[in-house]
Structures are given as structure tokens and as C-alpha cells.
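Asks: Need the 3D shape of this:
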Amino acid sequence: GILRTQQTIQQFQSVPPQANQPSPLLQYFSILLESSKLNKEESIELCKPVVMQGKKQLLEKWLKEDKLECSEQLGDLVKTVDSTLALSVYLRANIPMKVIQCFAETGQYQKIVLYAKKVNYQPDYIYLLRSIMRVNPEQGIQFAQLLVQDNEPLADLTQVVDVFLEQNLVQQCTAFLLDALKNNREDQGHLQTRLLEMNLMQAPQVADAILGNNMFTHYDRPHIAQLCEKAGLLQRALEHYTDLYDIKRAVVHTHLLNPEWLVNYFGRLSVDDCVECLKAMLQANIRQNLQVVVQIATKYHEQLGTQKLIELFESFKSNEGLFYFLGSIVNFSQEPDVHFKYIQAACKTGQIKEVERICRESNCYDPERVKNFLKEAKLTDQLPLIIVCDRFNFVHDLVLYLYRNNLMENIEIYVQQINPGRLPVVVGGLLDVDCSEDSIKQLILSVRGNFNVDELVEEVKKRNRIELLLPWLETRVHDGSTDPGVHTAVAKINIDSNSNPEKFLRDNAYYDSRVVGKYCEKRDPHLACVAYERGGCDMELVNVCNENSLFKSEARYLVRRKDPTLWENVLREDNQYRRPLIDQVIQTALAETQDPEEISVTVKAFMTADLPNNLIELLEKIVIDNSVFSEHRNLQNLLILTAIKADRTRVMDYINRLENYDAPDIANIAISNQLYEEA
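Replies: Presented below is the predicted three-dimensional model:
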């Protein structure tokens, strides 16, 4: 063993080889291999020529047979032909650094970690990672993951990230960090920030996806918000901003934001901040931002205040914004100002059909205010104004406005198509503005719908222009009209002009008796009686006769009417006019009648009213003074019997003067009443 030195090897190397013979050194090593294991120097020298000749199988054989002393130098030599063999040498020689290097070069990264732990060796993992990254980034990722898979990482995460980024491996670094930071630990907040930061600067869509998954909560939110905005991820920026100045700066770019998300986002803001942001959006680009501002205003108007939002749109003179905002809430609002402002905005944006609809359907606006606005607005289409004035009885105002503004055709449309019933008021208004009679007559003739003729007559009569209507009325009558209004109007004109009114009232079958009678009461009570009698208006006739002391007319009517109920009414004890009425019944009405039924009903009425003395007077007038009924047996019987009960002094006279009564029956009744002489 003493002779197996480096010097011995050098001596063998200096001996020249014989022809066709192995070199003396190889022969020397062969002998040694047969009996023992080569030492370090011998192993290196033996392997040099073998490596040069590429005889890898010899190296494998010797290592397997443990014939070589493994060292770092031997490993380095073998590595030039085979890394795996070199790894075997390094392992036997216990050279951890070179073992790990070989593991790395052969892709056996897991074995690096296991080996290091086994031999208690702390390699420079960052250096290793950097080396791997240069050669194979994908394998570098796997190795990096191995380093941090335990609770106690084998390398500093920040340094690992640095290695990735040195090679600009953002995508690989992202994949690594997503796994490494999955537990969302507070102490790793700086790395969460770095992960988001690198992607916001180089792959914004990836950063957007990460933020969208809500994986991390410990990163630097203000810093990331700023980067999101710079990267064009305004939605993410707004999710992070808390300062109003930042929010206003980002929120105005609505073309880069999802409208639905943005509308919901405003639900997170305070009322004041919300209004400020809406103002900023309109200020920045009203054309681009108006639609979404309207959507936001619509959704949150109850919280923000409708009036405040109206003022906001008005401050930007945005009639379009007002129209769309108020249009979305007007059908559910009871506020008069909302309805008025909507009408205003619709007018100013040319939405006339919508103006018409609200004017027609809404019950919430102030009619006077809307009317005045529509007059000032001077729309080309006057239908909204017509609707308001028609609904709320501003017809006279309407007529004055339209006529003075040379809009006569709108008046015609109003009474011909919209509401013919308003013709009387319209005619009155036209007379007030001195419209020509021909125009008014033409207008009346053009109206085919229904209107109240009485009202028309009244409107014209109030202005002392009744003659204007007469030709039209006469034409209607001549054409066979049976409209009570038409005939009532003719009756009134005849009464006022004294054109044989009584004949008209008696002969015409179509006028309204009650209306005409009332019309005549102050003008000519006698004509009132004629009208009331023609229509059977009992109480109206009784009242007008009482008020005007026309008891003779009343008495005649009562006798002719033959109505027991009506008799009962006028013969009531509390009727202050009963006495003069009875006088006229006795003196005039019955004296004139030739109708037995009229006599019968009248007599029964007096009997029912228990008026025996008046009945005696009545019967005397009929039986004694009236030759037609003087021989009437029943009436003579009734006169004598009534006298027996009410006035005995007259009985003897009646018995002597009358000749056609039932004497035996009367005699018996007289005896029973102790009138023996009369009997």
C-alpha cells in the first residue's frame, strides 16, 4: 500500500508503451483492480483515458463493483460524459453541492429537497432556482413550488419572485404566486400587492380576473386602485377607491364601464357623494354619460330626492335628461312638480304625443300652471292645451287664446272632433272676442256631435245675440228634429220676442215643459202655467199659481187634472192658499165644466178633505145653479145629507127646492137626526 502513490503513477506514465501492448499504467491498474479497490488518485487516472475513449460501460462496471474511490474530481471527470454516473460518484463521495447540481441538471428537483434534508445541507436555493430558470422556466416553476409547499418555506418568497421577474416570467410568476398565496395570509399582503401590480402593468386582464375572484384581501388597496385606473380597469379601480376625488375622476368614463354594474355601484355611495359624481359625469361628457346618469337617477331618486335630481338636470339645461328621468317615474309619482316638469321637458324635446298623454291621463299636475305654460310655449300642435282646458273647464280662456293667435282651425277641431259638448261655451267665448257672426254660424252648423242646445241658447242670450241662433234652430225644426233642446230654444225665443208664444206652447210636442215653464215664471206666469200644464208638471204649476195668485187657472187645472193625490195636496189644512183656491173652484172651475167625472173627482176630494161647509157651497153651485147637473139624483141626495150633518138650517129649503132626490131614504136619515118636520 505504501507504493500506491501519485509518484508511482507518474513513473508508469513515463514508461513508453510496447507495440501492440496496453500501456504499462493500464496493466498496473488492471492488476490492482483484480485484487483491490483503487484509491482516489488511481481512480482519477484510470478513468481519464476511459472517459476520453467514451467507454461509459467500464465506468458503470467499476462503480457497481465498488472498484473506484469516489471523489469530487472523479465526479467532475465522469460528468463530461454522463451526468447520471457523475451523480452516483458525487453521492458516494458525499459532495452535497455537486449532488444537488446534478439533481437540478437532470430535472430531479424533488430529490434535491429530500437529499438536502437528509444530509442536513442548506443549499443556495435561490441560486439553484435562478440557474434552472435560465435553462427551463417550466421546470423552474415546479422547483419554486417545491420550495414553498411546506408551512415553512425553504426560500424567501420575495426572492423567489425576484428570480421570476429577472427573467420577465410574469405569467409563470403569477401561476406560482396564486398557489403560494392561496391561504390569503395577512403577513403576505406585500406579495399580494406585487402579484396584482405585475399583472396590472403587463397583463391587466389577468389582474382583472384575480380581483374578480376575491382571493386576496391584504394587499395595498389604494396603490392597486391607482394601477387599475392606469390599466383601464375602471370598474376595479372604483371598487377600491374610497376618496371622492378619485371616484369622480374614474366614474366619468362610462364608456369603459358596464352600465348595470355602474348603476349598482352608486348604491354604495352616500347621497352627497352620489350627487357629486352624477354632476361630474354630466360635466365631463353629457352626451356620452347622460343615459347612465338617467338610469342611476331613476333607481335612486327616492334616496337622492327627486327635486335635487331635477335641479341637477336643469343646471346642465338637459331637457333630454329631464324627459327620460321624469318619464321613468311620472307614472308612479303623485308630486305635481314632477308632472309639470315632465310636461315642460317633453315640450322642449318635441315629445308632443307624450305631452298629450300626460295632459289627458294625469290627475296630479296643477291645471292653471300647465295651461299658462302651454300658452307661453306656443307649440305648433295645440292639442295638449286643448286637452287641459277641456278637462279643467278653462274653455273660455282657450277660445280667447286660440282666436287671438289666429288659430281658429284649432277651435273647429276642438268642437268637431274632441268635445262637441263644449260648443256652447266656445260660442260664448267667440262672441266675447267679437268673432264674426258668419264664422260662428258656420261653426255651429259644422258640429255633428251632441251638445246641450239649452246651454248654447243661454250663452248666446247672455250676450243679447239670440237672433244669431234663430235661423239654425228653425232649420233644425224644419228638418224634422225632435230634439227637446232645439224646440225648447225656439220656445224661449218665441217667448222673448212675443211671437204668439201661447200657441207654440200649446201646439208643440217636443219642448221641455219644466225648463220652459221655469223660464216663463218671471217673464209671464200665465205662459208658465201653459207650459207646466202641457207637461203635467203638477207641483210646478201649483207653485207658480200660488206665488202669482192665479187661483182661477189653478182651479181649472185641478178640475181638469182629476188627480185625487194632487187634490189632497192642495186641500191640506196647512196650505195658506186653500181658501182662495176653493173659492175659484166653486165660483169658476165647476161652473164651466160639463164632464161628470171631473165633478165626481172634485166632490170626492172635498169629502176626503172633510170640508162639509165648502162641499155644500160646491154642491149648491152644481145642483142649483148648473142646469146640466141640476136633476142629478146622487148629487141632490149628497147635498141634503151634507146639510143634515153640517148645516140643518138649509135642509128644509133643499127639500122644498129639489125634486129628484130619494125621499124615503132622506126621510129616514132626517128622523134619525131628529129632524122630524123635514122628514
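Asks: host element of residue 47?
Replies: helix 40-53 (DSSP states H and E).
Asks: For that helix, enumerate the helices and strands it packs against.
Replies: Applying 3 or more CB pairs under 8 Å, 6 or more residues apart in numbering; DSSP states H and E, one finds that helix 40-53 contacts helix 6-14, helix 24-35, helix 56-64, helix 72-79. C-beta here means a position set from N, CA and C on the backbone, and glycine is covered the same way.
Asks: quick one: contacts for the residue lying closest to residue 82 once chain neighbours are set aside?
Replies: Spatial nearest neighbour of residue 82, excluding adjacent residues (CB to CB, 6 or more residues apart in numbering): residue 56 at 5.6 Å. By CB atoms under 8 Å, 6 or more residues apart in numbering, residue 56 lies in contact with 81-82, 85.
Asks: Distance of residue 56 relative to residue 374?
Replies: Separation of residue 56 from residue 374 (CB to CB, to the nearest Å) stands at 105 Å.
Asks: If you count neighbours, what's buried in the strand or helix carrying residue 112?
Replies: Assigned by DSSP H and E, residue 112 falls within helix 109-118. For helix 109-118, burial by neighbour count (16 or more other CB atoms under 10 Å) applies to 109, 111-113, 115-116.
Asks: cool, stretch 381-400 as well?
Replies: Buried, per 16+ other CB under 10 Å, within stretch 381-400: 382-390, 392, 394-395, 397-399.
Asks: Pretty sure residue 379 sits against residue 352.
Replies: Yes - assessed by CB atoms under 8 Å, residue 379 is found in contact with residue 352 at 6.7 Å.
Asks: any idea which of the contacts of residue 56 has the most stuff around it?
Replies: The most crowded member of the contacts of residue 56 is residue 85, carrying 19 neighbours; neighbours defined as other CB atoms under 10 Å.
Asks: got the contact list for the residue nearest to it when sequence neighbours are not counted?
Replies: Leaving out its chain neighbours, the residue that sits closest to residue 85 by CB to CB, 6+ apart is residue 78, at 4.8 Å. Listed by CB under 8 Å, 6+ apart, the contact partners of residue 78 are 47, 51, 59, 85-86, 89.
Asks: Scan these and report the most crowded one.
Replies: Using other CB under 10 Å as the neighbour test, these are led by residue 89, with 29 neighbours.
Asks: Ramachandran angles for that one?
Replies: Residue 89 adopts backbone torsions of phi -70, psi -50, taken as degrees, to the nearest 10.
Asks: mind listing what it touches?
Replies: By CB under 8 Å, 6+ apart, residue 89 lies in contact with 63, 68, 70-71, 74-75, 78.
Asks: if we take these, which one ends up nearest to residue 335?
Replies: Closest approach to residue 335 among the contacts of residue 89 (CB to CB): residue 75, at 92.1 Å.
Asks: Just to check, that closest one is in contact with residue 97?
Replies: No - if you go by CB under 8 Å, residue 75 and residue 97 don't touch, sitting 10.8 Å apart.
Asks: Looking at those two, which is more packed in?
Replies: residue 75 (24 against 12).
Asks: Among the buried residues of helix 109-118, which one lies nearest to residue 135?
Replies: Residue 135 has its nearest neighbour among the buried residues of helix 109-118 in residue 109, at 12.3 Å by CB to CB.
Asks: Not counting its neighbours along the chain, what's nearest the closest one?
Replies: residue 143 (4.3 Å).
Asks: element containing residue 69?
Replies: Here residue 69, judged by DSSP H and E, is contained in no helix and no strand.
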